[in-house]
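Asks: For reference, the sequence and a predicted model appear below.
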Amino acid sequence: MLRLHDKPQETTMTPFPHTSRRRLLSGGATALAALGLGRAQAQTASAPTPAAAAPARSLPPYVDWKDAEQMIVHTGTTIETRRSAFGTSIITPAERLYIRNNLPAPEVGIVADPDAWAMAVEGVQQPRYLTVRELKALGIETVATVLQCSGNGRGYFAGKPSGTKWTVGAAGCVLWSGVPVRNVVAALGGLAGGARFMTGTGGEKLPEGLDPRSVMVERSVPLKAMQDALLAWEMNGEPLHHAHGGPLRLVVPGYSGVNNIKYIKRLAFTAAESDAAIQKTGYRMSPPGTKGDPSHPSVWEMDVKSWINGPAPETGPLRAGWVQVHGVAMGGTRPLRRVDVSIDGGQTWREARLVGPDLGRFAWRQFVLPVQLPPGQHVLASRAQDTQFNWQVETSPENAGGYLNSGWRSHALPITVA
């Protein structure tokens with residue numbers, strides 16, 4: 001019988017080396033290097049000018065195990081996957097997955113004995129602290145999800161909002177293994193009543209001398225998200241790396257990255273949203289030039305979205321003839337239905353073929369369309385549709401934070417064919 005204790009046990013921890021860089025992933029396909037970094041803006045008659053490549057910078061020590069040639073280092077806490085690194089398989093290897101941290105991570109020693117990490121569960125009939133070891137006794141599921149920073153695509157907004165100028169690389173598709181949140185709630189007697197939100201609190205290191213509520217990572221999402229949420233201790237078949245939230249991370253499928261709480265130390269079912277600044281005023285869809293407040297929509301569910309990864313200029317000169325236009329597409333919180341591709345910037349469209357296994361409604365799908373390209377300028381674009389027949393938007397609305405850009409036009413890829 002599982003014994004639930006009232007407070008976490010003290011443990012002595014020593015630094016834990018990172019896990020091996022396996023490219024053969026359990027349950028997924030091998031990621032292949034393929035094609036492309038580029039940017040398109042406006043009209044269809046001529047190819048837009050691609051954004052200049054970010055200058056090469058060294059990986060910081062805490063992620064020096066990543067594949068440096070396939071990453072773009074914006075800052076020490078914002079590291080993007082190159083467009084050419086997504087390949088034509090589904091799963092993004094850990095060494096090519098983007099990094100985005102709001103606060104310094106806790107000491108790496110917490111992953112020395114991952115099973116000892118303890119998390120408080122509140123808003124249930126029998127509130128308790130549970131260790132990862134105890135969570136593992138409550139059930140295991142594996143789910144593939146798109147993990148995407150809320151600001152992915154920010155670099156394409158014409159208004160140039162502040163923040164990292166992500167293009168497409170603040171995203172990836174990974175396999176998570178852990179216990180369903182609904183199992184945890186059931187084991188603790190069910191919800192206490194009155195809950196409308198699921199609130200996760202991260203265990204990041206808080207700066208001294210500041211009000212914790214002003215800086216802490218604590219996010220609330222609608223209670224319905226509990227049905228799909230996971231408390232994950234494994235990613236892509238390996239123990240969850242410290243850089244990606246190990247030893248334990250809250251995974252909220254279909255919701256943008258900020259809601260997937262790293263180093264989770266508290267999971268609460270609450271009547272109101274968190275009053276932490278990152279929830280109350282941060283990550284809000286506020287109009288340009290304004291500060292976010294609770295009247296503005298929160299950055300929660302992701303939209304249907306796609307982009308093309310190849311062929312692309314960075315792979316070298318393109319010759320006239322047949323090419324395989326390929327990319328990735330996601331349905332947000334719904335399954336993907338279809339993807340269309342245009343080689344003339346959206347004037348005409350053809351339906352692409354979805355390739356590879358379907359890993360569920362929260363994963364992305366690869367698509368491909370063979371086309372014959374004559375010499376000249378071309379603008380490659382894609383648009384996705386979910387099973388509710390919602391098309392990917394042509395242009396996403398500008399907002400102060402540069403969040404949730406899924407417009408197909410800004411993500412289009414200009415190429416020159418010799």
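Replies: Received the coordinates, thanks.

Asks: show me where the stretch 101-250 of the chain has helices.
Replies: Counting by DSSP state H, counting those that start in this stretch, the stretch 101-250 of the chain has helices at residues 132-135, 181-187, 212-215.

Asks: Quick one: list the elements packing against the last one.
Replies: So that's helix 212-215. helix 277-280 (3 or more C-beta pairs under 8 Å, 6 or more residues apart in numbering; DSSP states H and E). For glycine as for every other residue, the C-beta is placed from the backbone atoms N, C-alpha and C.

Asks: re earlier: with respect to Arg334, which of the helices of the stretch 101-250 of the chain lies nearest?
Replies: Taking C-beta to C-beta, helix 181-187 is the member of the helices of the stretch 101-250 of the chain nearest to Arg334, at 20.0 Å.

Asks: ok, and for the closest one, which residues are buried?
Replies: Residues of helix 181-187 classed as buried under the neighbour-count rule (16 or more other C-beta atoms under 10 Å) are 181, 183-185, 187.

Asks: how near is Trp391 to Gln385?
Replies: 5 Å (C-beta to C-beta, to the nearest Å).

Asks: shared neighbours of those two, anything?
Replies: Val304 (C-beta atoms under 8 Å, 6 or more residues apart in numbering).

Asks: Looking at the two, which one has more neighbours?
Replies: Gln385 (20 against 14; other C-beta atoms under 10 Å).

Asks: Just the element for that one, please.
Replies: strand 376-386 (DSSP states H and E).

Asks: packing partners for the helix or strand just after that strand?
Replies: Using DSSP H and E, the next helix or strand after strand 376-386 towards the C-terminus is strand 413-417. Under the contact criterion of 3+ C-beta pairs under 8 Å, 6+ apart, strand 413-417 touches strand 376-386.

Asks: returning to that earlier point: now the buried residues of helix 181-187 as TSV including distance to Val368 and pLDDT?
Replies: Output for these, formatted as TSV (distance: C-beta to C-beta, whole Å; pLDDT from 0 to 100):
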residue	distance to Val368	pLDDT
Val181	36	98
Asn183	38	98
Val184	40	98
Val185	41	98
Ala187	44	98
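
Asks: What is the nearest of these to Asp344?
Replies: Of those, the one sitting nearest to Asp344 (C-beta to C-beta) turns out to be Val181, at 45.9 Å.

Asks: Where do the strands of the stretch 151-300 of the chain begin and end?
Replies: 171-180, 197-202, 218-222, 230-235, 238-239, 249-251, 264-270 (DSSP state E, counting those that start in this stretch).

Asks: how close does Pro335 sit to Gly360?
Replies: 8 Å.

Asks: more crowded one of those two?
Replies: Each of Pro335 and Gly360 has its neighbours counted (other C-beta under 10 Å); Pro335 has more, 16 against 12.
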